[in-house]
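> just a sequence and a predicted model for now, questions to come.
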Amino acid sequence: MWDYTDKVKDLYKHPKNVGTIDNADAVGEVGSIVCGDALTLYLKIEDNIIKDAKFQTFGCGSAIASSSALTEMITGKTVDEAEKITNRDIVDYLGGLPEQKMHCSVMGREALEKALANWRGEEVASHEETEGEVICQCFGVTDPLIRKVIRENGLKTVEDVTNYTKAGGACGSCIHKIEDILTEELKRQPVAAGPEAKKGRLPLSNIKRMQLVEETISDVVRPILQKDGGNIELVDIDGRKVMVALRGACANCLVSDVTLKNLVQEKLREFVEDDIEVIEVR
Amino acid sequence: MNRTVYLDNNATTMVDPEVLDAMLPFLKEQYGNPSSMHDFGGDVARDVELARKQVADLLGADNDYEIVFTGGGTESDNFAILGTLAYFRDRRHIISSKVEHPAVLNLYRRLEREGYRASYVPVDRDGNLDMEFLKKSMDDDTAIVSIMHANNETGVIFPVEEIGALCRERSIPFHIDGVQAAGKIPIDVKKIQCDLYSISGHKFHAPKGMGVLYIRRGTRIRPLMYGGHQERGRRPGTENVPGIVATGKAAELALKNLPAEERVRALRDRLESGILARFSNVQLNGSKDARVPNTTNVGFEYIEGEAILLYLNEKGIAASSGSACSSGSLEPSHVLRAMGVPFTAAHGSIRFSLSRFTTEQEIDYTISVLPEIIDRLLEISPFWDSATKQCRPVNIQS
């Protein structure tokens, strides 16, 4: 059973603003029956003010609650105000959502965006023309959407991206693409603690660095991998380049690239030096 | 209605009060170790052996020592498969079906990563096994065939006797995951000609944490764990005496109550036909003919399963769903997908599973509250036009 907040429970039991609006000024449709959730949002807009908002949702409890929350939040707001609403705001309005259900809030915001584009008379043609490359074919999630959600919610891992957008949650073939997007986006963000942390560290001698790398791999990284039946072997260290080989379950794992970057490299950067680079050798 | 209407008995069952009474002394004064030399332990050993006999009777086993108590259905499945592979080290091919429980399916995936070749027998739209595929898959390299007796999601029964005969002809070890069959349909391991048969206590009114593996006399298998002499060394470790006694009692009651399963079948059919007659957006998932008597799986189109469960929960009714959302994964049930159930219905699938404790009032109550729930969710759905009572054109593309 999901740990839903009282607000979420209240809103899926008694959703507000269910229905359609005849002669709506704006309509936004997202999702599909194949994906398992879909939302249609109807807006009545007069003098740049959203006078009325109605919705219809196919989805779970949190999808119904997120849709209801969205319509309550935007009614009475100007279009400019409504445009500033993020999926985070929907989550806050609900008092929180389980991590795996975050995509419901993203769906709400997406529908609003589409409805407002529709109101402005922007033609919503095919996915790719207007919204960029489709990264996740299973759920039809585009590159710009993934980037936007990463930025607005400060996402760090592929799992986060899947929870928020569903991308990568079915066949998993796009996981490496999501990983690339994450790496790009994380580089773009100024890391607040980064420069400070660097200042606090003394430069390492080669011997000291090797010692620390060995310790971190055997005390921190290996136990984590062993939990999943995997293992790691330290092959060589060349300056700041650390050569490792993944063993056991990790060796044939589809997401071993992710493990390398998010776990091995991350831990070495945390415990040794900020610019350690991990390279897999087979 | 204040009490929960519990229609999720394929997930777990209530402990039968008689079973609880039978096990309680072993949690209190009769705490002896069955291996001890003194009477205090020796008396307990006799109760363990009685339980073994009770379980042997439920499964139709000739010899009590063919029954090994384990820590649950998942352990029994793992023991059967890994123990067989440990014996037949040179055989590298394993067979199962696409609709198995994760206790078998995820073990097979793991074995594939270790270099085993696995064949997964597909099912048709009704959930019936493709027997031709199974026959063609079997070869000299096949180390084990592991097939479930009845499916946990749809209740569909597989032709285990036919499979047993095929395996025996070819001398291939045959394991059955019978977790969803025990207590629901008669089981005769001799007639089936299986070598291994797994069951789980809490699916037939014993407490959780108890499993059984039937190991036919002469079956070549290695233990999973090494330790003491308990269970003839096949499952070492001091026996969970209260759990074993409870499982024995539950097995005895299950066998005794098998004729009463016809009453359960009548209630299930009443619920099922009530639902199918009332709604136009519903379909039955799984063969109507070969099914355990307590299970029905219905797919409501254009609405989502988790939402139905939450609304049922509000009315005090406990059921389960094969929808993506309710499982926490993002895809609907692997069983329904293997059957080719369209997405329009898979996301809205609901499983009701009854037990001998289910009452007619509970079934009628469920039938009476469903329309309110389903109609409300249809009203919320963008794929349904409540005015015309028809679906809107659905864009199947994602």
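Looks like it came in fine.
> what about the residue of the stretch 101-250 of chain A found nearest chain B, how many residues nearby?
At 3.5 Å from chain B, A:G169 is the closest residue in the stretch 101-250 of chain A, using CB to the nearest CB. The C-beta positions use only the backbone N, C-alpha and C, and glycine is treated the same way. Number of residues near A:G169 (other CB atoms under 10 Å in any protein chain shown) recorded here: 24.
> same check on A:R247?
For A:R247, the tally of surrounding residues (other CB under 10 Å) stands at 13.
> am I right that it is in a strand?
Yes: A:R247: assigned to a strand according to DSSP: H, G, I helix; E, B strand; the rest coil.
> hey, what's it bridged with?
A:N231 (DSSP bridges).
> related to what we said a few turns ago, pretty sure the residue of the stretch 101-250 of chain A closest to chain B sits against A:D160.
No: counting by CB atoms under 8 Å, A:G169 does not reach A:D160; the two are 11.8 Å apart.
> interface residues of the stretch 1-150 of chain B facing chain A?
For the stretch 1-150 of chain B, the contact set with chain A under CB under 8 Å from any CB of the partner chain comprises B:R113.
> which residues in the stretch 1-150 of chain B form helices?
Using DSSP state H, counting those that start in this stretch, the helices found in the stretch 1-150 of chain B span residues B:17-23, B:39-59, B:73-87, B:102-113, B:131-137.
> also the stretch 201-350 of chain B?
Listed in chain order (using DSSP H, counting those that start in this stretch), the helices of the stretch 201-350 of chain B are B:241-256, B:261-278, B:305-314, B:324-327, B:334-338, B:343-346.
> centre of the chain to the fifth one, how far?
Here the centre of mass of C-alpha atoms in helix B:334-338, compared against the chain's by CA atoms, centre = their mean, to the nearest Å, lies 16 Å away.
> and the longest one, by the same measure?
Helix B:261-278 sits 20 Å away from the centroid of its parent chain (CA atoms, centre = their mean).
> remind me what it packs against, helices and strands.
Contacts defined by 3 or more CB pairs under 8 Å, 6 or more residues apart in numbering or on different chains; DSSP states H and E place helix B:261-278 against strand B:282-284, strand B:295-300, helix B:360-380.
> dump these to JSON lines, plus mean pLDDT.
Below are these laid out as JSON lines (pLDDT from 0 to 100):
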{"stretch": "strand B:282-284", "mean pLDDT": "94"}
{"stretch": "strand B:295-300", "mean pLDDT": "96"}
{"stretch": "helix B:360-380", "mean pLDDT": "95"}
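> most tightly packed of the helices of the stretch 1-150 of chain B?
helix B:73-87 (a mean of 23; mean count of other CB atoms under 10 Å in any protein chain shown).
> tell me what angle it forms with helix B:102-113.
Counting by axes from the mean of the first three to the mean of the last three CA atoms, to 10 degrees, helix B:73-87 points 30 degrees away from the direction of helix B:102-113.
> quick check: closest non-adjacent residue to the residue in the stretch 1-150 of chain B positioned nearest to chain A.
Of all residues in the stretch 1-150 of chain B, B:R113 sits closest to chain A, with a separation of 5.2 Å (CB to the nearest CB). Once flanking residues are discounted, B:R113 sits nearest to A:N252: 5.2 Å by CB to CB, 6 or more residues apart in numbering or on different chains.
> what segments of the stretch 1-150 of chain A are strands?
A:26-32, A:37-46, A:49-58, A:134-136, A:141-142 (DSSP state E, counting those that start in this stretch).
> about what we covered before: in a markdown table, list the helices of the stretch 1-150 of chain B along with mean pLDDT and distance to B:S333.
Shown next, in a markdown table, are these (pLDDT from 0 to 100; distance: least, CB to CB, whole Å):
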| stretch | mean pLDDT | distance to B:S333 |
| --- | --- | --- |
| helix B:17-23 | 98 | 31 |
| helix B:39-59 | 95 | 28 |
| helix B:73-87 | 98 | 18 |
| helix B:102-113 | 95 | 11 |
| helix B:131-137 | 97 | 21 |
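> need these in CSV with distance to A:C138, can you?
Formatted as CSV, the helices of the stretch 1-150 of chain B follow (distance: least, CB to CB, whole Å):
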stretch, distance to A:C138
helix B:17-23, 45
helix B:39-59, 42
helix B:73-87, 29
helix B:102-113, 19
helix B:131-137, 26
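> circling back to that earlier point, okay, the residue nearest to the residue of the stretch 101-250 of chain A closest to chain B when sequence neighbours are not counted: pLDDT?
On the basis of CB to CB, 6+ apart, the spatially nearest residue to A:G169 that is not a chain neighbour turns out to be B:L330, at 3.5 Å. pLDDT, the model's per-residue confidence, is 72 for B:L330.
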